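Next input, structure requested:
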Amino acid sequence: MSNKVYSVEYTVKNENNEVVDTNVGGAPLEFISGKNQMIPGFEKAVTEMKTGEEKTVTIPSAESYGEYREDLTQTLPIEQFEGIELKKGMTLYGQGPDGQTVAVTVKDFDDKNVTIDYNHPLAGQDLTFTIKLLNERDATADEVLAGAVGGACATEGQGEGCGCGTGCGCH
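This is a model prediction of the structure:
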């Protein structure tokens with residue numbers, strides 16, 4: 001299967017039917033198929049569509065952000081969070097063992113401990129996407145090599161190219 005560049009408009013809702021992300025009215029989301037840039041269920045749904053088609057699909061958690069895992073929570077002494085005004089549900093960013101940025105959610109805290117959650121905020125949820133395929137084309141050799149729409153990473157940090165953009169499904 002050759003790599004293709006897909007340009008889509010989407011809205012995603014969680015299990016409570018709340019909109020958690022959308023790019024409707026904004027720039028289209030562009031990605032290259034076969035590069036693990038999107039959650040598997042989303043990419044599969046898009047690659048089965050024809051240009052101009054719009055559909056609504058429910059993607060089970062196993063094909064989106066995975067099942068919720070209790071072993072991905074950790075309780076740490078509150079001293080490690082000195083200077084941070086903690087709130088339940090807030091996202092904190094830290095550095096993982098390989099130097100990558102890691103996002104954690106503050107699950108709970110008291111005057112001694114803070115429980116943080118490494119699960120993706122949408123883990124364990126089936127997600128409903130409304131997707132409109134705006135355009136589809138073969139990826140260029142440069143795009144396939146760089147793994148980014150537009151080829152080389154000249155636009156990194158500008159929301160396109162090697163950056164994550166609006167981020168629906170970025171890992």
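
How far off centre is the longest helix along the chain?
Longest helix in the chain, counting residues (DSSP state H): helix 40-47. How far helix 40-47 lies from its chain's middle: 13 Å, per Cα atoms, centre = their mean, to the nearest Å.

Please identify the buried residues of it?
For helix 40-47, the buried set under the neighbour-count rule, 16 or more other Cβ atoms under 10 Å, comprises 41-43, 45-46. C-beta here means a position set from N, CA and C on the backbone, and glycine is covered the same way.

what packs against that helix?
Under the contact criterion of 3 or more Cβ pairs under 8 Å, 6 or more residues apart in numbering; DSSP states H and E, helix 40-47 touches strand 4-13, strand 54-59, strand 127-138.

and residue 93, which of the ones you listed is closest to it?
Closest approach to residue 93 among these (Cβ to Cβ): strand 4-13, 22.1 Å.

Identify the neighbouring strands of the helix or strand just after the closest one in the sheet and state each direction.
With elements assigned by DSSP states H and E, the helix or strand that comes after strand 4-13 is strand 19-22. According to DSSP bridges, strand 19-22 forms sheet pairs with strand 4-13 (antiparallel).

chain center to the strand it pairs with, what's the gap?
In terms of Cα atoms, centre = their mean, the centre of strand 4-13 is set 12 Å apart from its chain centre.

try stretch 118-132
So, by Cα atoms, centre = their mean, the centroid of stretch 118-132 is 9 Å from its chain's centroid.
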